[in-house]
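[1] Sharing a model that was predicted from the sequence below.
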Amino acid sequence: MKRIIAFSVALGLMLGATAFVGEAQAAKVIKIAGMKADKEPETLGMKKFGELLEKKSNGFYKVKVYPNSSLGKEDKYIADNRRGTIEMCATGTQVSAFHPAMAMMETPMMYDSYAHARRAIDGGVFDLLTDGFVEKSGLRCLNMFPLGFRHFYTKKPVASIDDIKGLKLRVPNITLYTTFAKECGINGQAMPFAEVMSSVDQGVIDGGDSPLADITSTKVYEKCPQITLTGHILVIHSLFINEKLYQSMPAEHKKWVQEAAAESADYVWKLVEEVDKKSAEEIKANGGTISEPSQAMKDHMTAAAKRTWDMFLNPERKVSYVPNAQEIFDKAASFK
């Protein structure tokens, strides 16, 4: 009888151990796709989200981050996220194809500073921008975080309105960006960022505009050493999760996801300002010049930006019209 009892206890321990191993192996894997390089703020934010979610779920969720477009370009991984082939992704205004209001995340001259943007987004702008987004996209927007303010990088100094008129600058092939460039009097050349260096060499462009982190990560300051801190557009990205997956989660799991998204966004908001300072130091250390635009130039760009806002406010602009655009502009302005 003692032998039978001992055998039963041993068998129970073995089965328990096997069950534990089985549960550990059954951890739910969440894949997140992004476009930025491994050490850039977006990727670091995705990794932070993964660390937080794994910790909060006690290992139930295992997050795998795929940066640098390793799962395909933005349009592909967004489509895969919508289908559920991948669970999550990080991107920006590309999702405005389903919900035009999301393009307003990067409205020119809407924010004066990181602090202003953070107050506005947390104070209601996030809710206004994402209202109706889930239904149209099949994705849930979990947070919003900055990649940095866009500034001009050029071969020659840019200090006045006359300096930017007719300037051949690379711009992303996005209607909001090309429209703003045109309103400023800039000769915008739409092209992928990867073509900037060769285009500068060939004289196709005089420069472009990017956050300081991108200017240093590509060392474009070696070709275009004049950096003008116009801060005309704040690049905003978000983490998105497949809505069917999100709705299939128990309430506690949804809470883990939401908390991890909020805390990882906090991390990126702080990180980006630190990255800006380090980037500025690198540019100066390598012979670049950083300068402020004149007040007249700032006023010129602000006026151009407000003309650009018409694409969201005008009902006749059916592709980009946003019914609650004025409410979004007013809400953002109220936090200055």
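    Cool, the structure landed.
[2] Output the longest helix belonging to the chain.
    Secondary structure of the chain per DSSP state H: the longest helix is helix 251-285.
[3] Go through it and flag the buried ones.
    By neighbour count on 16 or more other Cβ atoms under 10 Å, the buried set for helix 251-285 is 253, 256-257, 260-261, 263-265, 267-269, 271-272, 275-276, 279-280, 282-283. For the C-beta atoms, the positions are set from N, CA and C on the backbone; glycine is no exception.
[4] and if you look at stretch 293-303?
    Those would be 293, 297-298, 300-301, for stretch 293-303 by 16+ other Cβ under 10 Å.
[5] all strands in the stretch 151-300 of the chain, in order from the N-terminus.
    Per DSSP state E, counting those that start in this stretch, the stretch 151-300 of the chain carries strands over the ranges 168-171, 187-190, 207-210, 226-242, 289-291.
[6] Packing partners of the first one?
    Counting contacts by 3 or more Cβ pairs under 8 Å, 6 or more residues apart in numbering; DSSP states H and E, the secondary-structure elements packed against strand 168-171 are helix 175-184, strand 187-190, strand 207-210.
[7] then the second one to PDB, C-alphas only?
    So the one you mean is strand 187-190. The C-alpha coordinates for strand 187-190 follow below in PDB (Å, rounded to 0.1, in the frame of the first residue of the first chain):
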ATOM      1  CA  ASN A 187       9.200  73.200 -54.500                       C
ATOM      2  CA  GLY A 188       8.300  69.800 -52.900                       C
ATOM      3  CA  GLN A 189       9.800  66.700 -54.400                       C
ATOM      4  CA  ALA A 190       7.900  63.600 -53.200                       C
END
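[8] just for the protein, where's the confidence low?
    Applying pLDDT under 70 to the chain flags the ranges 1-25.
[9] follow-up on the earlier one: which of the helices and strands packed on strand 168-171 is buried the deepest?
    Highest mean neighbour count among the helices and strands packed on strand 168-171 (mean count of other Cβ atoms under 10 Å): strand 207-210, with a mean of 26.
[10] partners of it in the sheet?
    Counting by DSSP bridges, the strands paired with strand 207-210 are strand 145-154 (antiparallel), strand 168-171 (parallel).
[11] who touches that strand?
    With contact meaning Cβ atoms under 8 Å, 6 or more residues apart in numbering, strand 207-210 is reached by 150-155, 167, 169-171, 193, 196, 200, 220, 224, 226, 230, 232-233.
[12] mind running it again at 7 Å?
    Here strand 207-210 makes contact (Cβ atoms under 7 Å, 6 or more residues apart in numbering) with 150-155, 169-170, 196, 224.
[13] dump the residue contacts of the closest residue to residue 191 other than its chain neighbours.
    Computed as Cβ to Cβ, 6 or more residues apart in numbering, the closest residue to residue 191 that is not its neighbour in sequence is residue 170, at 5.5 Å. By Cβ under 7 Å, 6+ apart, the contact set of residue 170 is 189, 191, 196, 199, 205, 208.
[14] same check, this time on residue 175
    By Cβ under 7 Å, 6+ apart, the contact list for residue 175 reads residue 320.
[15] Quick check: the farthest pair among the contacts of residue 170?
    189 and 196 (9.7 Å; Cβ to Cβ).
[16] Reformat the contacts of residue 170 as TSV; add distance to residue 116.
    Converted to TSV, the contacts of residue 170 look like this (distance: Cβ to Cβ, whole Å):
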residue	distance to residue 116
189	30
191	31
196	29
199	33
205	31
208	25
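[17] just to revisit the earlier point, tell me which of the helices and strands packed on strand 168-171 lies nearest to residue 315.
    That would be helix 175-184 among the helices and strands packed on strand 168-171, by Cβ to Cβ, at 16.7 Å.
[18] For the residue nearest the centre of the chain, which non-adjacent residue is spatially closest?
    Central residue of the chain (Cα atoms, centre = their mean): residue 237, 1.9 Å from the mean position. Setting aside the residues directly before and after it, residue 237 is nearest to residue 92 in space (Cβ to Cβ, 6+ apart), at 4.5 Å.
[19] next one: phi and psi at residue 63?
    Dihedral pair for residue 63: phi -100, psi 130, per degrees, to the nearest 10.
[20] Quick one: residues in contact with stretch 310-330.
    By Cβ under 7 Å, 6+ apart, the surrounding residues in contact with stretch 310-330 are 100-101, 103-104, 125, 128-129, 175, 179, 309.
[21] change it to 8 Å
    If you take Cβ under 8 Å, 6+ apart as the criterion, stretch 310-330 is touched by 100-101, 103-104, 107, 110, 125, 128-129, 131, 175-176, 179, 309.
[22] Could you do stretch 107-119 as well?
    Outside stretch 107-119, the residues within contact range by Cβ under 8 Å, 6+ apart are 104, 120, 146, 149, 176, 180, 232-234, 236, 269, 272-273, 301-302, 304-306, 308-309, 312, 329, 332, 335-336.
[23] Mark which of those are buried, thanks.
    The buried subset of the contacts of stretch 107-119 (16+ other Cβ under 10 Å) comprises 104, 120, 146, 149, 176, 180, 232-234, 236, 269, 272, 301, 304-306, 308-309, 312, 329, 332, 335.
[24] ok, the residue nearest to residue 84 when sequence neighbours are not counted - contacts?
    With Cβ to Cβ, 6+ apart as the criterion, residue 84 has its nearest non-adjacent residue at 4.9 Å, and that residue is residue 242. Neighbour list for residue 242: 81-82, 84, 86-88, 138-140 [criterion: Cβ under 8 Å, 6+ apart].
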